[in-house]
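1. make a model of this:
(chains A and B)
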Amino acid sequence: MEGRLNNMWRLTVNESKFVESALQSELRVDGRGLYDYRKLTIKFGKESGSSEVQLGQTHVMAFVTAQLVQPYKDRPNEGSFSIFTEFSPMADPSFEPGHPGESAVELGRIIDRALRESRAVDTESLCVLAGKLVWSVRIDLHILDNGGNLVDAANIAALAALLTFRRPDCTVGGENSQEVIIHPPEEREPLPLIIHHLPIAFTFGFFNKGSILVMDPTYVEEAVMCGRMTVTVNANGDICAIQKPGEEGVNQSVILHCLRLASSRAAATTKIIREAVEAYNRERSSQKVKRHHTLAKSEVSGPIVVV
Amino acid sequence: MEYVNPEGLRLDGRRFNEMRQIVAEVGVVSKADGSAVFEMGNTKVIAAVYGPREIQNKSQQKKNDHAVVLCEYSMAQFSTGDRRRQKFDRRSTELSLVIRQTMEACILTELMPHSQIDIFLQVLQADGGTRSACINAATLALADAGIPMRDLAVSCSAGYLNSTPLLDLNYVEDSAGGADVTVGILPKLDKVTLLQMDAKLPMETFETVFALASEGCKAIAERIREVLQENTKQLEYRRAA
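-> Numbering: from 1, shown residues only, chains lettered A, B, ... in the order given. Predicted structure coming up:
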């Protein structure tokens, strides 16, 4: 991974030795246990389908948008979704402007595969007119600050954004029922996407020739580690994707241990995401009610308002 | 669709734990320091290795005391049924990265500081399992180039269709939407370097599919060793004559 190697280059020998020897006595530089996760906060933007995830120092933003396009020829009644990653040079000195680098492509592919191959997003419900028009959902992931473990943070951001995204409702009408009417949000309540389950990514770092295992590595740890593995699981205990892209070899038992650790954490992370989404939805609906309420009120009590 | 019939035979007549025919040959590109062709049924990959040679682009050097490994994976336009659109898509970029890191783990890069090793991989025919075939071809080519390695990195894939774990998926089985697990191992050290998997699988099922793929890797390692030994014998014979 280009980015990782670059920051390994900048890390002093002293620093990397310190991190490694501390890990040998099961201590991490930020005081966490080996399998502890950093604090996760999820915030949402004003518009639907935008989220900001903060995982320790890592800061990722996701935006979901949709437009009507012609479907792919081999899948005439399925909508599509695609993931775009933006590694801004602002987040890390090793990120270069311009074309997405290898790490950006890999991150996008890990998240894309986990969502697509496990059929987390129901693409058939995105079909408007078979063979003619389907919704194409686009997820943009922006890395705002690289504090390590971008994959997990970006994955959670993508899920949170997908869960809060609303697409405009549309109906097929007209003479030969080939006309599509898109209803503006004021007219008809926009619809959420159908998401069957939440595949959640957990990244592990391997140290000391694969003998030490660490969950959710930070930026410094990423510079020192000799290998990594991302396991994507859902709360039902299914494995949705695994990515261990070469690097240091580890024993089979270590891999199975990682899978078990990830499965045991999946439910908790799912709960955090669901709760954040619910809180957001509640706030939105209450805002809507309030708006109508104040409108009605001001009509009645309009003249009384004096400042 | 039925991918395994009641007799337990797959679409191409194989059993669940049967691999496709492997044909491998080293020394196929005369200009390269090492090269190999690796065929697995209808999947055919050609690999060429150049190096260790002087670093051409100094900015690529990250660690001073290690050799730089570069890898380029590309699929020929004619390798699939319908002509491929672009040469370097995201998939190729990811596969190049994955293959590079897998080979990096098995090459003794610390023995060759200030040098670079280039691996070029070209898929001539794609019928599923190209990334496994590429890793196997790269291993053969590296061995042919005489580059010191920890072990022979080998790779094999396995899937899960019709509630049966299947070894070495072909294109039809691969695109059926079932699971696809690609494993790369260092057989002598018994370490897993590469592991890629997608599609939803319960834990226990994954373990059996993973074990099947690992067994497949070991069988391939044996075959690769035979090919290399045969090649060495040939070289010896030629020198004597």
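2. now name the helix or strand holding B:Ala141.
-> helix B:130-144 (DSSP states H and E).
3. so is that helix next to chain A?
-> No: figure legend: helix B:130-144 not in contact with chain A (CB under 8 Å from any CB of the partner chain); closest approach 9.1 Å. C-beta here means a position set from N, CA and C on the backbone, and glycine is covered the same way.
4. could you pull out the helices for chain B?
-> Listed in chain order, the helices of chain B (DSSP state H) span B:90-106, B:130-144, B:171-174, B:203-240.
5. JSON lines for those, including mean pLDDT and mean neighbour count?
-> Output for the helices of chain B, formatted as JSON lines (pLDDT from 0 to 100; neighbours: other CB atoms under 10 Å in any protein chain shown):
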{"stretch": "helix B:90-106", "mean pLDDT": "92", "mean neighbour count": "23"}
{"stretch": "helix B:130-144", "mean pLDDT": "95", "mean neighbour count": "28"}
{"stretch": "helix B:171-174", "mean pLDDT": "90", "mean neighbour count": "18"}
{"stretch": "helix B:203-240", "mean pLDDT": "93", "mean neighbour count": "16"}
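6. sorry, back to before: what angle do the helix holding B:Ala141 and helix B:203-240 make?
-> 30 degrees (axes from the mean of the first three to the mean of the last three CA atoms, to 10 degrees).
7. format the helices of chain B as a markdown table; extra columns: distance to A:Val134.
-> Formatted as a markdown table, the helices of chain B follow (distance: least, CB to CB, whole Å):
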| stretch | distance to A:Val134 |
| --- | --- |
| helix B:90-106 | 21 |
| helix B:130-144 | 29 |
| helix B:171-174 | 25 |
| helix B:203-240 | 32 |
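8. spatially nearest residue to the residue of the stretch 51-200 of chain A found nearest chain B (excluding sequence neighbours)?
-> Closest to chain B within the stretch 51-200 of chain A is A:Glu117: 3.7 Å, counting by CB to the nearest CB. With sequence-adjacent residues excluded and distances taken as CB to CB, 6 or more residues apart in numbering or on different chains, A:Glu117 is closest to B:Asp198, at 3.7 Å.
9. ok now do the one you found, which residues does it touch?
-> By CB atoms under 8 Å, 6 or more residues apart in numbering or on different chains, B:Asp198 lies in contact with A:Arg113, A:Ala114, A:Arg116, A:Glu117, A:Ser118, A:Cys240, A:Ala241, B:Ala179, B:Asp180.
10. now do A:Pro192
-> Contacts of A:Pro192 (CB under 8 Å, 6+ apart): A:Leu163, A:Thr164, A:Phe165, A:Arg166, A:Arg167.
11. from B:Glu25, how far out is it?
-> 56 Å (CB to CB, to the nearest Å).
12. try B:Thr208
-> Distance from B:Thr208 to B:Glu25, by CB to CB: 33 Å.
13. helices or strands up against the host helix or strand of A:Val214?
-> According to DSSP H and E, A:Val214 maps onto strand A:212-215. Here strand A:212-215 touches helix A:13-24, strand A:200-207, helix A:252-301, going by 3 or more CB pairs under 8 Å, 6 or more residues apart in numbering or on different chains; DSSP states H and E.
14. B:Thr80 and B:Thr130: what is the separation?
-> 10 Å.
15. what of A:Asp74?
-> Distance, A:Asp74 to B:Thr130, by CB to CB: 20 Å.
16. how about the residues of the stretch 101-250 of chain A that lie near chain B?
-> Residues of the stretch 101-250 of chain A lying near chain B (CB under 8 Å from any CB): A:102, A:105-106, A:108-109, A:113-114, A:116-119, A:210, A:227, A:229, A:234, A:237-250.
17. so of these, which ones are in helices?
-> A:Glu102, A:Val105, A:Glu106, A:Gly108, A:Arg109, A:Arg113, A:Ala114, A:Arg116, A:Glu117.
18. ok, how many other residues are close to A:Asn281?
-> A:Asn281: 15 surrounding residues under other CB atoms under 10 Å in any protein chain shown.
19. nearest spatial neighbour of it, skipping sequence neighbours?
-> A:Thr164 (7.4 Å).
20. next one: phi and psi at the one you found?
-> phi -100, psi 0 (degrees, to the nearest 10).
21. go ahead and confirm it touches A:Glu278.
-> No: when contacts are counted by CB atoms under 8 Å, A:Thr164 is not listed as touching A:Glu278 (10.2 Å).
22. so where is chain A shaky, pLDDT-wise?
-> Filtered on pLDDT under 70, chain A yields the residue ranges A:1-9, A:290-307.
23. go again with 80.
-> Across chain A, the ranges flagged by pLDDT under 80 are A:1-10, A:98-99, A:174-178, A:288-307.
24. who touches residue 203 in this structure?
-> Reading this off chain A. Contacts of A:Thr203 (CB under 8 Å, 6+ apart): A:Asn149, A:Val151, A:Asp152, A:Met215, A:Asp216, A:Pro217, A:Arg228, A:Met229, A:Thr230, A:Val231.
25. switch to chain B, please.
-> So B:Met203 contacts A:Gly237, A:Asp238, A:Ile239, A:Leu259, A:Arg260, A:Ser263 (CB under 8 Å, 6+ apart).
26. what do you get if the cut-off is 10 Å, keeping everything else the same?
-> Counting by CB atoms under 10 Å, 6 or more residues apart in numbering or on different chains, B:Met203 touches A:Val233, A:Gly237, A:Asp238, A:Ile239, A:Leu256, A:Leu259, A:Arg260, A:Ser263.
27. count of neighbours near the nearest residue to the second one once chain neighbours are set aside?
-> What that stands for is A:Gly237. Spatially, and ignoring its direct neighbours in sequence, A:Gly237 is nearest to A:Ser263 (5.2 Å; CB to CB, 6+ apart). Counted with other CB under 10 Å, residues neighbouring A:Ser263 total 19.
28. ok, B:Thr80 next?
-> 15.
29. Provide a list of residues in contact with B:Phe38.
-> B:22-26, B:44-47, B:121, B:132-141, B:220, B:224, B:227.
30. next one: it from B:Val26, what distance?
-> 10 Å.
31. which neighbours do these two share?
-> B:Ala47, B:Ala137, B:Leu140, B:Ala141, B:Ile224, B:Val227.
32. ok, the fourth one - contacts?
-> Taking CB under 10 Å, 6+ apart as the definition of contact, the neighbours of B:Ala141 are B:26-29, B:32-38, B:46-50, B:103, B:119-121, B:147.
33. buried subset of these?
-> B:26-27, B:29, B:32-38, B:46-50, B:103, B:119-121, B:147 (16 or more other CB atoms under 10 Å in any protein chain shown).
34. between B:Thr80 and B:Thr130, what contacts are shared?
-> Joint contacts of B:Thr80 and B:Thr130 (CB under 10 Å, 6+ apart) are B:Val123, B:Tyr171.
35. now for A:Ser80, how many residues are close by?
-> A:Ser80 has 17 nearby residues by other CB under 10 Å.
36. what does the one 10 residues further on give?
-> If you count neighbours by other CB under 10 Å, A:Met90 ends up with 13.
37. A:Tyr35 too?
-> 15.
38. I'd like the distance between it and chain B.
-> 18 Å (CB to the nearest CB, to the nearest Å).
39. that residue falls within a helix, correct?
-> No: applying DSSP: H, G, I helix; E, B strand; the rest coil, one finds A:Tyr35 to be coil, outside a helix.
40. leaving out the residues flanking it, which one is nearest to it?
-> The nearest residue in space to A:Tyr35 (CB to CB, 6+ apart) is A:Met215, at 4.6 Å.
41. who's in contact with that neighbour?
-> Counting by CB under 10 Å, 6+ apart, A:Met215 has contacts A:28, A:32-38, A:149, A:152, A:202-205, A:258, A:261-262, A:265.
42. now the spatially most central residue of chain B: closest residue in space, sequence neighbours ignored.
-> Central residue of chain B (CA atoms, centre = their mean): B:Ile135, 2.3 Å from the mean position. Of all residues not flanking B:Ile135 in the chain, B:Ser155 sits nearest, at 4.0 Å (CB to CB, 6+ apart).
43. how about B:Leu70?
-> B:Asp118 (4.9 Å).
44. then B:Ile185?
-> In space, B:Ile185 is closest to B:Cys217, 4.6 Å off (CB to CB, 6+ apart).
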